[in-house]
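Asks: following is a predicted model, sequence given first.
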Amino acid sequence: MSSPISRRLQEDMKGSSWIRKMFTEGLRLKKELGPENVADLSLGNPVIEPPAAVQERLVSLVTDGDEGTHRYMPNSGFHSTREAIANYLERQTGVPYEYESVVMTVGAGGALNVVMKGLLDPGDEVICLTPYFVEYRFYITNHGGEVVLVPCDKEFRPDPAVLAEAITDRTRALIVNSPNNPTGVVYSAEDLDAVAKVLTEASEKHGRVIYLVSDEPYRAISYDGVEVPWPVNHYRDTIHVTSFSKDLAMPGERIGYIAVNPATPDSELVRSAFGFTNRTLGFVNAPALQQRLIEGLLDVSVDMAGYTDKRARLLAALEEAGYPTVKPEGAFYIFPQVPDPHMDDVEFVGICLKERMLVVPGSGFGCPGHFRMSYAVHDRDVELAVEALKRVADRIAARNA
């Protein structure tokens, strides 16, 4: 008998996110051993609470009794919210965004689906730089696109020559994610200039705009004074996508937006397509209450002190135990190499499980031989992980002796 679900979905489900698999495995292990005995560094799900300003504004909005607070609004969102975001972006970038440039969305995931639906014809290609957030694959194929994976260099930065080789006459967009999940790397102004040069030359060669889709939910989370450049200041045809899941620690509220550079050709048509797609995908509009909430919080972000401390403790433990690691500059992830270069990263993750530590194999991000650790976790998880990293390294060394 034939399957009741689509063939494509069957294939997607087989290759579904390792992040979620490890999250599920973590639930099982915690039930078996007790949560206090398991270091769960699998999911980028902030355990810190939103800033006090979020709670205060939310209470005010719920109790102020304004008529129409919970009604439909235009598919692209409330005028006042979009105007506030446009003004914020103009202050940050110098680009003259207008409220029409902004489309409110159901988180960054919803935004990326809206963008892909709005841009792609069947067979169009979208380039993802590896290692990459694997959900991009599904967002692209959801709308008939083809995924093209392009490896970064050894420091997890874009390699312009490799990128240029990957572009064809079917290339429609490049997704960049900085600060990056899973590596924590921040693309410098020089990185973005190099990418922009490649995209500009390829757009002229093939006679179609190649969009740079910049996925930026970790923009507010960076370390050691590292600046996070705005891609729109380096490449005209940039579509900015973000959410408030990480900088306000409210991922469950699903609120984000798309911003289209008004200087890009046919920008009015592009943003109109995104507003229309917001409706036809069934989102209809971003949540009304959350739009009003973030409208007054655009300059607010989480306290970085906890992330800074956890990052430092894990980096020290990794160095001491001999794990080669590129130091993360932003987000709340570390992406070390497996200590034995001959070991499969999935096998390595299995050893970590035996030592009661949950991490995600690099294969899940298109980069075998590495593993991802999230430090958006409790102090207890970090303490357990510091101990487990040494035990795992010792176990591997003993096996190879």
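Replies: In hand now; what should we look at? Numbers count the residues shown, from 1 in each chain.

Asks: where's the residue nearest to His79 when sequence neighbours are not counted relative to Thr264, distance?
Replies: The shortest distance from His79 to any non-neighbouring residue, by C-beta to C-beta, 6 or more residues apart in numbering, is to Tyr99 (6.0 Å). Quick note: C-beta positions are derived from backbone N, CA and C, even for glycine. Noted for Tyr99: a distance of 17 Å to Thr264, by C-beta to C-beta, to the nearest Å.

Asks: again with Ala196
Replies: 13 Å.

Asks: Gln10 too?
Replies: For Gln10, the distance to Thr264 - C-beta to C-beta - is 37 Å.

Asks: the two: who's more crowded?
Replies: Thr264 (20 against 10; other C-beta atoms under 10 Å).

Asks: hmm, that one is touching Val232, no?
Replies: No - counting by C-beta atoms under 8 Å, Thr264 stays clear of Val232, with 9.3 Å between them.

Asks: between these two, what contacts are shared?
Replies: Taking C-beta atoms under 8 Å, 6 or more residues apart in numbering as the criterion, Thr264 and Val232 both touch Thr238.

Asks: buried sites along the helix or strand containing Asp309?
Replies: Applying DSSP states H and E as the criterion places Asp309 in helix 305-321. Going by neighbour count (16 or more other C-beta atoms under 10 Å), the buried part of helix 305-321 is Gly306, Tyr307, Lys310, Arg311, Arg313, Leu314, Leu315, Ala317, Leu318, Ala321.

Asks: same thing with stretch 90-106?
Replies: Here stretch 90-106 shows Thr93, Val95, Tyr97, Tyr99, Glu100, Ser101, Val102, Val103, Met104, Thr105, Val106 as buried, counting by 16+ other C-beta under 10 Å.

Asks: chain center to it: distance?
Replies: 20 Å (C-alpha atoms, centre = their mean, to the nearest Å).

Asks: let me see the ranges of the helices in the protein.
Replies: Listed in chain order, the helices of the chain (DSSP state H) span 7-14, 18-33, 52-63, 79-93, 107-119, 135-141, 160-166, 189-206, 267-280, 288-295, 305-321, 345-354, 379-400.

Asks: okay, those helices, which one's buried deepest?
Replies: Of those, the one with the most neighbours on average (mean count of other C-beta atoms under 10 Å) is helix 107-119, at a mean of 25.

Asks: alpha carbons only: can I get that one in CSV?
Replies: Output in CSV follows, covering the C-alpha atoms of helix 107-119 (Å, rounded to 0.1, in the frame of the first residue of the first chain):
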residue,chain,number,x,y,z
GLY,A,107,9.6,34.5,13.6
ALA,A,108,12.7,34.3,11.3
GLY,A,109,11.6,30.8,10.2
GLY,A,110,8.3,32.2,9.0
ALA,A,111,10.2,35.1,7.4
LEU,A,112,12.5,32.8,5.5
ASN,A,113,9.6,30.7,4.2
VAL,A,114,7.9,33.9,3.0
VAL,A,115,11.1,35.1,1.3
MET,A,116,11.6,31.7,-0.5
LYS,A,117,8.0,31.6,-1.6
GLY,A,118,8.2,35.1,-2.9
LEU,A,119,11.5,34.7,-4.8
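
Asks: going forward, the N-terminal residue is numbered 877.
Replies: In the new numbering, first residue 877, that becomes helix 983-995.

Asks: what comes into contact with it?
Replies: With C-beta under 8 Å, 6+ apart, helix 983-995 has contacts from 979, 981, 1002, 1011-1012, 1015-1016, 1018-1019, 1021, 1048-1049, 1051, 1087, 1089, 1091, 1093, 1115, 1117-1119, 1121, 1127, 1130-1134, 1146, 1149-1150, 1152-1154, 1156-1157, 1159, 1162.

Asks: one more time with 6 Å
Replies: Here helix 983-995 makes contact (C-beta atoms under 6 Å, 6 or more residues apart in numbering) with 981, 1015-1016, 1019, 1048, 1089, 1093, 1115, 1117-1119, 1130, 1132, 1134, 1149-1150, 1153-1154, 1159.

Asks: got it, and stretch 1225-1240?
Replies: By C-beta under 6 Å, 6+ apart, stretch 1225-1240 touches 894-895, 898, 902, 913-918, 1010, 1221-1222, 1244-1249, 1261, 1264, 1267-1268.

Asks: go again with 7 Å.
Replies: Stretch 1225-1240 has contacts (C-beta atoms under 7 Å, 6 or more residues apart in numbering) with 893-895, 898, 901-902, 905, 909, 913-918, 1007, 1010, 1211, 1221-1222, 1244-1249, 1260-1261, 1264, 1267-1268, 1271-1272.

Asks: any low-confidence regions in the stretch 977-1126 of the chain?
Replies: For the stretch 977-1126 of the chain, applying pLDDT under 70 flags no range at all.
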